[in-house]
Every structure is written in C-alpha cells, then in structure tokens.
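In: the sequence isn't on hand, but the structure is:
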C-alpha cells in the first residue's frame, strides 16, 4: 500500500502510517501537477492540502485510489462527487481546527479594530515620543457591541463562545436556524440584510458554495455600519475583493481582517496598499498542536480505510462501491 503526501507535514504523521509506503513532498513548495499525477499512478491513498486541486483527471490517473484525506476543514479543492462515484472516501480535519481558527479570527478582529499592526510599525519606526497625542490610532471597543456571525457552524460557535467573554450581543445568519446555539450563546437569528445592518463586527466562517460566492460585494458593504469591521476566516471567494478594497478606501466600512483570499494565494493589490485592513497568509489553524493533530487525523483516516475497510467519522461523502 502506498500513500502520497503532497506537502511537508509534521513528522509525527509517519508514526501513524506504519507498513504503508510513503511518497512525500519534502519541500515547502506545491508539487507540479505533472509530478503529482506521476506519483499518484500506483497510490492507494492521498493526503493533500487546500492548495492541491484534486479533480477528476487526477483521480483518473490513480486507478488504485481508495481514500483522500484533506489537511483542511473544507473540501472545495476536491471533486467530492466524482470521488464518491469512484468509491473513493474523502475525509477532512474540520473537527480538529475549530478552536485555533476561531481564536485567530478574533485576533484578526482585534488587530483591525485596535490598529495593532499599524501601531507596531509606528513604534518600530521610532515615532513614539510618549502618550501626548491622544488622537493617535484611536480604535473601537468590543464590550457590549454586536457581533454578527455569517455561518454558525463549529467555528462560528467557537467564535460566539469567545465573544461572550466581552459581553457582546451575538447575531448570526445561517442556512438554517440553530436553536441550540441560540440557547447556549444567547444568539439571535438575523436575515442576511439584518446581519449587515446591525453588526458592529461581522465575521465570516461559512464554507464556499454557489450561494455564498461573492455574497459580500459593494452593495452589501454599503448596507453595513460606517464603523463596522469585517473579518473573513471562511473562504476567500465569499468576498469580492475589488469591492472590499473600494469599501475600505472610501471609508464605507471601518476596517477588515482577512486570512483567506478570493484567488489565493494571490491578494488584491489595492488591498495591500491600505492601512485599514489586516492581511495574514491563511494561518487560521497554524498552532503546533493543531497542525500535529490534523496530521494525525489524516493518517488515521487513511489507515481506517486501507487497513480496516472502515469509513471514518472524518468522511464527508458516501462512496459508491463499484
């Protein structure tokens, strides 16, 4: 049995793949598609990341493939339907990275609202001369403000839990009402327009779907409060970045924090020029413990399928046995 690992992952993964031949990318750069197809020709399993496009042609190049473990919470880089048709189990690590991603989202929100990156640059450049300028980088409060959550899934609920520590009023928009979240966090369901209009802080934690793609554009930004802060830790293409750049440069909204991008890894050049947006290179789950646990989860998913013939709890599709 052979597993292909497309990226340099924590070494602990090897401990969980005993008796399985590992063909791994050992450098911190994506594998060229041609090279990946060559590696997949005799592979029984694939451990990939969100930067790898696992489409029908790649799967067709892997006649023995039985399981794909995505080192990510999402799966929009994988043709899940075709995998199911081929009898290939697709697994993710969405149950692992919830807390670290929520924490990072809140950190982005605070950084944008309190001008922390700008303050860091100011201090490093030797411009600090004492607390005499009382209008310097005045930010926004969190206490008892309204937090809007777009997508009340696991990460959205983890964000809500953090927000309760700031006595924030929590509203959310979801495909379906979540009465349990309403009970636990005192959250209030809002229509999409209400979410835009009422939120002081709005965080996106939803997956990318046909319905959510570009759902945040200039028309939506104009419905938001002038002092609103928008944060995206969901998927980049939920926001039309060119419109966000316009909204920020024209002060239609106050600030933004982004960890994901519309055409990742490319970032809109106009956004890079702005001081009222905090940009990070998709680091939401990037803690040592989370990364190691994600690697272990991927390995265990592979072993469950290859050695036990068992569909693991991490599976997101129902393979057709053919």
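Out: Everything's here; your move. Just so we're clear, the structure is a prediction, and the values are computed from it rather than from any experiment. Numbers count the residues shown, from 1 in each chain.
In: now do the residue nearest to residue 272 when sequence neighbours are not counted, the pLDDT please.
Out: Closest residue in space to residue 272, ignoring its immediate chain neighbours: residue 279 at 7.1 Å, by Cβ to Cβ, 6 or more residues apart in numbering. Where you see a C-beta, it was placed from the backbone N, CA and C, and this is true even at glycine. The predicted local distance difference test score for residue 279 is 98.
In: kindly list the longest helix within this structure.
Out: Determined from DSSP state H, the single longest helix within the chain is helix 288-308.
In: for it, what does the pLDDT average out to?
Out: Mean pLDDT, helix 288-308: 96.
In: got it, and stretch 36-51?
Out: Per-region confidence: stretch 36-51 scores 96 on mean pLDDT.
In: hmm, who's touching that stretch?
Out: 1-7, 9, 13, 20, 23, 30-31, 52, 54, 57-58, 61-62, 64-72, 74, 76-78, 264-265, 282, 298-299, 302, 305-306 (Cβ atoms under 8 Å, 6 or more residues apart in numbering).
In: switch the cut-off to 7 Å
Out: 1-7, 23, 30, 54, 58, 61-62, 64-72, 74, 77, 298, 302, 306 (Cβ atoms under 7 Å, 6 or more residues apart in numbering).
In: among the residues you listed, name the buried ones.
Out: Applying 16 or more other Cβ atoms under 10 Å to those, the neighbour count classes 1-7, 30, 54, 58, 61-62, 65-72, 74, 77, 298, 302, 306 as buried.
In: and residue 261, what pLDDT?
Out: Model confidence at residue 261, given as pLDDT, is 97.
In: next, the contact list for it, please.
Out: Contacts of residue 261 by Cβ under 7 Å, 6+ apart are 236, 241, 267.
In: pretty sure the last one sits against residue 279.
Out: Yes. With the criterion set as Cβ atoms under 7 Å, residue 267 and residue 279 qualify as a contacting pair; they are 6.4 Å apart.
In: hang on, residue 126 in a helix?
Out: No. Assigned with DSSP: H, G, I helix; E, B strand; the rest coil, residue 126 falls outside any helix and is coil.
In: how many neighbouring residues does it have?
Out: 7 (other Cβ atoms under 10 Å).
In: residue 234 too?
Out: Here the count is done by other Cβ under 10 Å, and residue 234 has 27 residues near it.
In: hmm, residue 279 and residue 258 touching each other?
Out: Yes. With contact defined as Cβ under 7 Å, residue 258 and residue 279 form a contacting pair (5.6 Å).
In: ok, the two, which is more surrounded?
Out: For residue 258 and residue 279, the more surrounded residue by other Cβ under 10 Å is residue 258, and the numbers stand at 26 against 16.
In: pretty sure residue 103 sits in a helix.
Out: Yes. With the criterion set as three-state DSSP, the secondary structure at residue 103 is a helix.
In: need the pLDDT of it.
Out: The predicted local distance difference test score for residue 103 is 98.
In: distance of it from residue 119?
Out: As judged by Cβ to Cβ, to the nearest Å, residue 103 and residue 119 stand 20 Å apart.
In: that older thread, quick check: of the contacts of residue 261, which lies closest to residue 222?
Out: residue 241 (16.3 Å; Cβ to Cβ).
In: quick one: contacts for the residue nearest to the closest one when sequence neighbours are not counted?
Out: Spatial nearest neighbour of residue 241, chain neighbours left out: residue 268 (4.1 Å); criterion: Cβ to Cβ, 6+ apart. Residues in contact with residue 268 (Cβ under 7 Å, 6+ apart) are 241, 242, 245.
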